[in-house]
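In: Quick check, what structure comes out for this input:
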Amino acid sequence: MFSKIARHSILLSLLIITSSLSISSSHAATGYRYWGYFQAQGGATSWTAAMTGPSVEVKDGDVEGWTFVFSNNDIPAVAPMMDPDFATLCDGIPETAGKVRVGLVVDFGDANIAPEGETPMEFFSDCVVVPAGSVGLDVLKSVLDVRAGDSGLICGIAGYPAQECGAEIEAPTTQEAVTTSAPIEDAEQSSQSTPLLMAVLAALLLVGFFFNRRRNR
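Out: Next up, the predicted model:
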């Protein structure tokens, strides 16, 4: 029979393991779905997440990107599915005095993060010609309807989503999560942690067993 100290150590370990597993499985991560804004200055071949709203003056050759995304502390906002290829977007559009050519890409996101009852619209891309001195919002509004919140946050583009603005929702499941490896890594770590915890428990059992034998000698 195990000593009281050994039994107490094993019981405490079981409680810690059970608590750890239950916290891991019951915690439902949340985040926000919203219109993410990306930019690519003339000549750039990849997107850069905008650090400000669409209030920066655009230049000829720039590409503006919008995508309806989900993100939280573990899942970053993803860029539009199309690379910022100005040459392709504005192919055949000549330069015009007093105006600038700007590529525009609008990705309406995946169905798994769409508001209930709504379906994402088709991917949109175009070459937009706006007066020199225009900002990102001017580019977007020149071709698509825009709904903005009181804070200036872009809530809807082309009527999507219909009403909400930066809604908090539960994270998509690992199988459905949008183009990020973070949830998959978390799942792998979770699956790897269970055998590790069981190994710790087994070690504690052995320690308790040998500790008890030595006391009984």
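In: so where do the helices sit in the protein?
Out: 4-26, 86-89, 136-141, 182-216 (DSSP state H).
In: Residues in contact with the second one: which ones?
Out: Here helix 86-89 makes contact (Cβ atoms under 8 Å, 6 or more residues apart in numbering) with 40, 42-43, 61-63, 101, 103-105, 125-127. C-beta coordinates here come from the backbone N, C-alpha and C atoms, glycine included.
In: May I see the buried residues of it?
Out: Within helix 86-89, the residues that qualify as buried are 86, 89, counting by 16 or more other Cβ atoms under 10 Å.
In: quick one: contacts for residue 125?
Out: If you count contacts by Cβ under 8 Å, 6+ apart, residue 125 has them with 82, 89, 103, 104, 105, 106.
In: can you check residue 41 too?
Out: Counting by Cβ under 8 Å, 6+ apart, residue 41 has contacts 59, 61, 62.
In: helices and strands of the protein: which one has the lowest mean pLDDT?
Out: Ranking every helix and strand in the chain by mean pLDDT, DSSP states H and E puts helix 4-26 at the bottom, with a mean of 38.
In: Among the contacts of helix 86-89, give me the pair with the biggest separation.
Out: 43 and 126 (19.6 Å; Cβ to Cβ).
In: of the two, who's got more company?
Out: residue 126 (17 against 10; other Cβ atoms under 10 Å).
In: Can you give me the pLDDT of the more buried one?
Out: Listed pLDDT for residue 126 reads 97.
In: Got the domain ranges for the protein?
Out: Structural domains annotated on the chain: 4-27+178-216, 30-170, as defined by automatic domain parsing.
In: which of those has the lowest average pLDDT?
Out: domain 4-27+178-216 (a mean of 40).
In: hey, which strand is longest across this protein?
Out: Secondary structure assigned by DSSP state E gives strand 30-40 as the longest strand of the chain.
In: If we go by neighbour counts, what in stretch 70-80 is buried?
Out: Neighbour-count burial for stretch 70-80 [16+ other Cβ under 10 Å]: 70, 71, 75, 77, 78, 79, 80.
In: Great, nothing more from me.
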